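K.L.:
sequence first, then the predicted structure:
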There are 2 protein chains.
Amino acid sequence: MKRWSFPSVSGVCIRDPYFAPRIRRNRTATIPAVLALLESSGRIRAFDMNWKPGDPDEPHCFWDSDVAKTVEGMALELQNSPDPELEKTLNDLVRRIISAQQPDGYLNTHITLVDPESRWKNLAQKHELYCAGHLMEAAVEHFYATGRRDFLDAMCRYADYIASVFGHGEGQLRGYPGHQEIELALCKLAEATGQEKYLHLAKYFIDERGQAPNYFVSEGVAPEKLFIQQAHKPVREQREAEGHAVRAGYMYAGMADVAAATGDTELFAACERLFENLAGRRMYISGGIGSHCAQERIGLDYQLPNDTAYAESCATISLVFFAARMLNITGNARYADVMEQAMYNGVFAGISLDGKAFFYQNVLEANEQSVPSPELHFAPVRQTWFSCSCCPTSFSRFLPQIGRYLWSVSAEAVRLNIPAAGEYRAPGRYIRVSGKYPYEGAISIEFPEGGDFEFALRIPGWCRRWSLRKNGKKLSGKPVKGYISCGRNWRCGDVVELDLEMVPRIVYAHEKVHENAGRAVLMRGPLLYAFESTDNAGDCLSSLLIPEDPAAYRVARVRGLPAGTVALKAAGFREVRRSEALYGTTPPALRKCTVTAIPYAMWENRGPCSMQVWMRKFAGERHDVIK
Amino acid sequence: MKRWSFPSVSGVCIRDPYFAPRIRRNRTATIPAVLALLESSGRIRAFDMNWKPGDPDEPHCFWDSDVAKTVEGMALELQNSPDPELEKTLNDLVRRIISAQQPDGYLNTHITLVDPESRWKNLAQKHELYCAGHLMEAAVEHFYATGRRDFLDAMCRYADYIASVFGHGEGQLRGYPGHQEIELALCKLAEATGQEKYLHLAKYFIDERGQAPNYFVSEGVAPEKLFIQQAHKPVREQREAEGHAVRAGYMYAGMADVAAATGDTELFAACERLFENLAGRRMYISGGIGSHCAQERIGLDYQLPNDTAYAESCATISLVFFAARMLNITGNARYADVMEQAMYNGVFAGISLDGKAFFYQNVLEANEQSVPSPELHFAPVRQTWFSCSCCPTSFSRFLPQIGRYLWSVSAEAVRLNIPAAGEYRAPGRYIRVSGKYPYEGAISIEFPEGGDFEFALRIPGWCRRWSLRKNGKKLSGKPVKGYISCGRNWRCGDVVELDLEMVPRIVYAHEKVHENAGRAVLMRGPLLYAFESTDNAGDCLSSLLIPEDPAAYRVARVRGLPAGTVALKAAGFREVRRSEALYGTTPPALRKCTVTAIPYAMWENRGPCSMQVWMRKFAGERHDVIK
């Protein structure tokens, strides 16, 4: 069923003005900071298996995953470029992890050290299979990075042991993960080892989920809470994306993997339905998913509050995983559009420009009244660490794999999904992309070596006008499912020039998103824009009116953001109260002002501030203006 | 210090089209329904003291207050008009309550039956002094209603016992209530009995609160949580109205009582500050207070979300108590304005037209997306009972005392605070008010008997134009602190005619209330209006644009509301999406439609619906209209 694959990250490099500087900081800032906190918090030490009851830093049930994700990130960094020092640190860490494996193949520091009685007894809460999945993903990338089989073999033994515990056989448990993740990890393990049995185990976990009698109910979960773990009904019957957002995203990605690998069209149809519900009714304009802090949960259709948005960083990344898999199964740019939207906006909003601080929740509006509790301080600010620190470690592994998603490849063809500057190289294939995407739409694609393969590129869903030239001659043709073919049989020096019209646009939400009634967002290319109090005097961003005419905006620079960052400015209005009364019959007056927007993903990098994405707007002339 | 008093409820009757029908239902519907639930839930049975561990219906620590408030309501009903059957039911109930009193005067079913060890040991959580306060209030009204002293004497014994337990003396506890209420109750007890010692105890509870070392901290309350119970600092130092809204309102009312009775200007200054912060920055336009479900808590300045408003019914009633006391201390109509705003809107929104169902939370916006949790059904609907059932029993006692607040009296003068039709009668004073207030502004005030007293009436703060005639002749003069004197030495047959201009008006919120940016409410007289999906086709009320010109509205009737109810209609617009996409670049179109508003306090009486108070608006011509 699967038509396309992503290239290995070692075959891709990125040199664009947006991703590249931030990815670079993963190695220089994010991973070192995360490693230091993994060590000081006791997460790495836990694998030495010296912890005893009463000691400080009791290993928590999801700690292993934090270490595993960081190991995966280090392995991906090595695939991007060699670094003997990093490789040594990585191999030392891998040795410590493997040393904690039990004779039967089991590996979980929390259960083994803190709560050995509950091994496999509380799948709903204990995160054992979730941690196992992350360890397997780490082992696969470690194998790809170093060629060493030690971690991979250990994780195969763990997977074999898990396969002996779970299943339909006599004496086996008919359970499945409380927090999904192992499904997609087992598919990766199957691909890396060529062992179909791991795919079968992934398929078992997916198909057993939500079957009656319900396994989690037998563990004591209340039936009305099962939806939080997507276990309220068999996954093939699920029609709405609901429950814990990260669990949902990882599970859907695993479902897509199993469907692709087994040609399971029924399972794929469930993925399509869930994707459309999620991206078509329950996704923030940033690509963030998960509307509620309570249970970190996806909301109802069109329930997308801005100031109380949860939109966990890990969840946005999980949507990229899901969309990317759907893209490679279908070759349909619909999925690339969502993947791009989430990557450029929701994902990068979660990490500071210096790579050292993170949002767990990604709100789309912040002001002194939007703080949910008087105990909290003004406005959300990024943190260096969390007691539940899934988000920082998600970045350490996601950043170095971004190159993977820019391209899709098959035996006969190469597709450019996102035209960020950089290169793709594989035997017989060498393509170089230049330009300043996402800030500018002029993209040049060169072929420094000849090769016989089809090359196609995506015309982004957001782009209204575009043109394409091959060696100076206009290429005609209509995109098919969002991709346009540029031909095959490439000779050294061939050049394809893509020009995507890059102008501001005003985007409206469906009327049922009540918070956004009468409001609009400003976008340009794949970038979502936000208005910060930093650039717009006064904290009260809800008093600003921005022009509804996209032509009113001009490209500008603002201080304190990386060189090349495109800000947008326009003449707007600010509503001014004529009284300090809480309520009154005098309408506010309007004062002319300049409104300034920056890419949403760069907000809160110049100090705490108010921020708003969905803005009030005006069309044409307004009366009652204070000059 | 206190200049004015409210008349006894027996001296007042109400015959207006708004309050009277709903008050009448308290006797015929609310009290019978509440009594049945008090009995079936075990709350009344608890006073028989037969409950044993293991029995069903374990008495809860606030149960006694539910019974006490209903007894108070029955006693107030009797003061309004005699009813031998009701009196018998009342006296039987009082006997059951008194029978539960312990030899030392203590009376609390939960502590005595369920948890005797914790008597006075967990003031922060256990509600003992709160229940005691409600029992005292009930006893006072029972005494006024029947002249019987049995309940009053029992509660004096209880108060004397409490005074022996708490105080600065050796061996006494320096505690105070976890849930305030007894402060104002002790002031009532002092007034009913003429015993100053109860006033001293009230003053002790108020002044000891929040002193260092903190008593609640000694009970284990976290210092950062003390503000929830207004115990974070001494009350005289408190400058912001915060924490649990009902506790705040009851405490402020008690502070005002103590200040008035003792001439304590410093304490009164604290009341003034807290009132201004509460009503001037933290009060919903409905007069509701308490922005957050979490800890039923007042929000920050201008933090007044509409769809997640808590605005507990009891809290709005507590604001009436506070405002009413401030009115009588100062004679300033500023307080009557807030009292009126809360009574006509926030309070009556909490109870159904049939008197049998109640809101605990009073939102200002309800739609299918505003439901906080997918487990909940669409839109809030009133309930007949709650496990924490303070709100229904608050109505049963508040409704029959409404007459009290319409008038303020002193030895020399009578003031009409709210010109609802009815009568006030006392020796040498007889005044009859006619008209259809709050629906119409023409009010006739007759003096069926002569009398030598000054008569003044309030010009409501919302009223821009008014006229006043005495026996057909125009009365000139300017209101002083919102009241205008009509003279004294009344002869039988004298008539004062007040004409308050009663036209729709558009009210705006302070710009810092972000939810209301670009929105406005429709009001007319003291009534706040709401838009229901019942009258405005389609659930999506955020798509409606209402005219900003008050003259655009016409008085109308709608089906399903009591005869005489004034609805408002105007020509407005509905935004119509031209696509089903979640996000898109096509702006919505406008379609002409009629917009219909009903009094907010009557919403959700014609089936579940969407509802919105703060509406989007338009001024003048709009383009792009679909005819």
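P.N.:
Looks like it came in fine.

K.L.:
drop to CA atoms for contacts and neighbour counts, all remaining ones
P.N.:
Noted.

K.L.:
buried ones in stretch A:141-159?
P.N.:
By 16 or more other CA atoms under 10 Å in any protein chain shown, the buried positions in stretch A:141-159 come out as A:141-145, A:150-159.

K.L.:
so of the residues you listed, which ones are in helices?
P.N.:
With DSSP state H as the criterion, helices contain A:141-145, A:150-159 from among the buried residues of stretch A:141-159.

K.L.:
what does the stretch 151-300 of chain A have sitting close to chain B?
P.N.:
Neighbours of chain B within the stretch 151-300 of chain A, by CA under 8 Å from any CA of the partner chain: A:224, A:280-281, A:285, A:299-300.

K.L.:
what of the stretch 401-550 of chain A?
P.N.:
Residues of the stretch 401-550 of chain A lying close to chain B by CA under 8 Å from any CA are A:505-514, A:517-518, A:540, A:542-543.

K.L.:
highest neighbour count among those?
P.N.:
residue A:509 (28 neighbours; other CA atoms under 10 Å in any protein chain shown).

K.L.:
can you verify my assumption that it contacts residue B:583?
P.N.:
Yes - using CA atoms under 8 Å, residue A:509 makes contact with residue B:583 at a distance of 4.6 Å.

K.L.:
circling back to that earlier point, and which of the buried residues of stretch A:141-159 is nearest chain B?
P.N.:
Of all the buried residues of stretch A:141-159, chain B sits closest to residue A:159, with 36.0 Å by CA to the nearest CA.

K.L.:
enumerate every residue touching that closest one.
P.N.:
Residue A:159 makes contacts with A:105, A:186, A:198, as judged by CA atoms under 8 Å, 6 or more residues apart in numbering or on different chains.

K.L.:
hmm, who's touching stretch A:125-139?
P.N.:
Stretch A:125-139 is contacted by residues A:61-65, A:68-69, A:71-73, A:75, A:107-108, A:120, A:123, A:151-152, A:155, A:158, A:176-186, A:188-189 when judged by CA under 8 Å, 6+ apart.

K.L.:
can you do 7 Å?
P.N.:
A:61-62, A:64-65, A:68-69, A:71-72, A:108, A:151-152, A:155, A:177-182, A:185, A:188-189 (CA atoms under 7 Å, 6 or more residues apart in numbering or on different chains).

K.L.:
same check, this time on stretch A:103-121
P.N.:
The contact list for stretch A:103-121 (CA under 7 Å, 6+ apart) reads A:46-47, A:49, A:51, A:53, A:59-61, A:64, A:100-101, A:128, A:157-158, A:161.

K.L.:
go on, stretch A:219-227?
P.N.:
By CA under 7 Å, 6+ apart, stretch A:219-227 touches A:122, A:217, A:232, A:242-243.

K.L.:
residue A:510 reaches residue B:585, doesn't it?
P.N.:
No - if you go by CA atoms under 7 Å, residue A:510 and residue B:585 don't touch, sitting 10.7 Å apart.

K.L.:
mind giving me the domain split of chain A?
P.N.:
Following automatic domain parsing, chain A resolves into domains at A:41-231, A:234-404, A:407-500, A:504-626.

K.L.:
out of those domains, deepest packed?
P.N.:
Comparing these by mean neighbour count (mean count of other CA atoms under 10 Å in any protein chain shown), domain A:234-404 comes out on top with a mean of 23.

K.L.:
I'd like the average pLDDT over that one.
P.N.:
Domain A:234-404 shows a mean pLDDT of 93.

K.L.:
can you give me the end-to-end distance of that domain?
P.N.:
By CA to CA, to the nearest Å, the extent of domain A:234-404 from end to end equals 31 Å.

K.L.:
same check, this time on stretch A:495-513
P.N.:
When the termini of stretch A:495-513 are compared using CA to CA, they are 44 Å apart.

K.L.:
how far off centre is that stretch?
P.N.:
The chain centroid and the centroid of stretch A:495-513 are separated by 21 Å, computed with CA atoms, centre = their mean, to the nearest Å.

K.L.:
re earlier: return the member of the contacts of residue A:159 nearest to chain B.
P.N.:
Nearest to chain B among those is residue A:186, at 32.0 Å by CA to the nearest CA.

K.L.:
any idea how far the closest one is from residue A:203?
P.N.:
Computed as CA to CA, the residue A:186 to residue A:203 distance reads 9 Å.

K.L.:
same thing with residue A:223?
P.N.:
Using CA to CA, residue A:223 is found at 24 Å from residue A:203.

K.L.:
ditto for residue A:400
P.N.:
Separation of residue A:400 from residue A:203 (CA to CA): 28 Å.

K.L.:
try residue A:547
P.N.:
Residue A:547 sits at a distance of 51 Å from residue A:203 (criterion: CA to CA).

K.L.:
same check, this time on residue A:2
P.N.:
Distance of residue A:2 to residue A:203, computed by CA to CA: 16 Å.

K.L.:
wouldn't residue A:485 be in contact with residue A:459 here?
P.N.:
No - contact criterion CA under 7 Å: residue A:485 and residue A:459 do not qualify, at 10.6 Å.

K.L.:
quick one, strands of the stretch 151-300 of chain A?
P.N.:
Assigned by DSSP state E, counting those that start in this stretch, the strands in the stretch 151-300 of chain A fall at A:243-244, A:297-298.

K.L.:
could you save these as a markdown table and add columns showing distance to residue B:335?
P.N.:
As requested, the strands of the stretch 151-300 of chain A are exported to a markdown table (distance: least, CA to CA, whole Å):
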| stretch | distance to residue B:335 |
| --- | --- |
| strand A:243-244 | 47 |
| strand A:297-298 | 44 |
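
K.L.:
tell me the phi and psi of residue A:433?
P.N.:
Main-chain dihedrals, residue A:433, degrees, to the nearest 10: phi -110, psi 130.

K.L.:
hang on, it packs against residue A:448?
P.N.:
No - counting by CA under 7 Å, residue A:433 does not reach residue A:448; the two are 10.6 Å apart.

K.L.:
so what's residue A:620 scoring on pLDDT?
P.N.:
Looking at residue A:620, its pLDDT is 58.

K.L.:
one step back: residue B:328 is nearest to which of the domains of chain A?
P.N.:
Closest of these to residue B:328 is domain A:504-626, at 23.7 Å (criterion: CA to CA).

K.L.:
which one of the residues in the stretch 351-500 of chain A is closest to chain B?
P.N.:
At 5.0 Å from chain B, residue A:369 is the closest residue in the stretch 351-500 of chain A, using CA to the nearest CA.

K.L.:
residue contacts, the nearest residue in space to residue A:230 that is not next to it in sequence?
P.N.:
Excluding its sequence neighbours, the residue lying closest to residue A:230 (CA to CA, 6 or more residues apart in numbering or on different chains) is residue A:243, at 6.1 Å. When contacts are counted by CA under 7 Å, 6+ apart, residue A:243 touches A:227-230, A:297-298.

K.L.:
touching stretch A:196-213 from outside, list them.
P.N.:
For stretch A:196-213, the external contacting residues (CA under 7 Å, 6+ apart) are A:163, A:167, A:176, A:183, A:186-187, A:189-190, A:231-235, A:255, A:258.
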